[in-house]
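need coordinates for the following:
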Amino acid sequence: MRRPPDTTGPIRPRLPSPVRDVADPWLADRGVRLRLKRDDLIHPLVPGNKWRKLGPNLRVAVEGGHTRLVTFGGAYSNHIRAVAAAGAAYGLATVGVIRGDELADAPRNWSLARAEAHGMELAFVTRSAYRETLRGLGEDDSGTLRALEERWGRAYVLPEGGTNVLAARGAAELVAELPDLPVLGPGDVVCCAVGTGGTLAGIAAGLPGGARAVGFAVLK
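Here you go, the predicted structure:
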């Protein structure tokens, strides 16, 4: 029986991740203290918010008896690479549905090559089909899930970027690691980059009253 993902499994995340003070004279003159939460050091193959979002989902997938993960992303998706690496570590087959069928016969870029090296099956689909599939999953359309199962069998489906309720809960755990808790309040801001929004949602939910979460969009 597979062991549910945790800090004693094949992937041993570095948690809590370290917090570093950033020296900036301009900020210091204005009474602002800047700290950097080094989630990029959590794990070399599943870094940053990827482990926080994937960990809870992997645990549910393994405990539910799933042997395959299906997920979605672009040609340079960090999420795709992380799922491939984590799946391989826990003995799970992985499928990455990749946006852009024109890439199917093209030489693999470094990111997709790394995913394949971890055993991930790549399925390239048209951009319109990709959008329709994500829309169906977002609407809990049974036909969309049935189509995925007909192609790949029973699988645990992770949304694009890995963002779902479990992922947001995993991201919320970051807040408990901030050194100033429980005294964060008005005037304190926690910032992060935003792709699908799951990490930002989790951080915002975990902050005490008065503190704010601010996201910086990295996509169009």
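
which residue is nearest the centroid of the protein?
In the chain, the residue lying closest to the centroid (Cα atoms, centre = their mean) is residue 50, at 3.5 Å.

the chain: helices as residue ranges?
For the chain, the helices defined by DSSP state H cover 25-29, 49-63, 78-89, 110-117, 127-138, 142-152, 165-176, 198-206.

tabulate those in TSV, adding columns for distance to residue 188 and mean pLDDT.
C-beta here means a position set from N, CA and C on the backbone, and glycine is covered the same way. Converted to TSV, the helices of the chain look like this (distance: least, Cβ to Cβ, whole Å; pLDDT from 0 to 100):
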stretch	distance to residue 188	mean pLDDT
helix 25-29	14	96
helix 49-63	20	95
helix 78-89	28	96
helix 110-117	35	98
helix 127-138	33	96
helix 142-152	41	95
helix 165-176	11	94
helix 198-206	12	95
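
format those as TSV; extra columns: distance to residue 10.
Formatted as TSV, the helices of the chain follow (distance: least, Cβ to Cβ, whole Å):
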stretch	distance to residue 10
helix 25-29	41
helix 49-63	11
helix 78-89	4
helix 110-117	16
helix 127-138	28
helix 142-152	23
helix 165-176	18
helix 198-206	24
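
out of those, nearest to residue 220?
Residue 220 lies closest to helix 127-138 among the helices of the chain, at 13.7 Å (Cβ to Cβ).

pLDDT score assigned to residue 218?
Per-residue confidence (pLDDT) for residue 218: 88.

please disregard the earlier target; I meant residue 182.
pLDDT for residue 182: 83.

please tell me how far it sits from residue 206.
11 Å (Cβ to Cβ, to the nearest Å).

once you drop chain neighbours, what's closest to the residue nearest to the centre of the chain?
residue 82 (3.8 Å; Cβ to Cβ, 6 or more residues apart in numbering).
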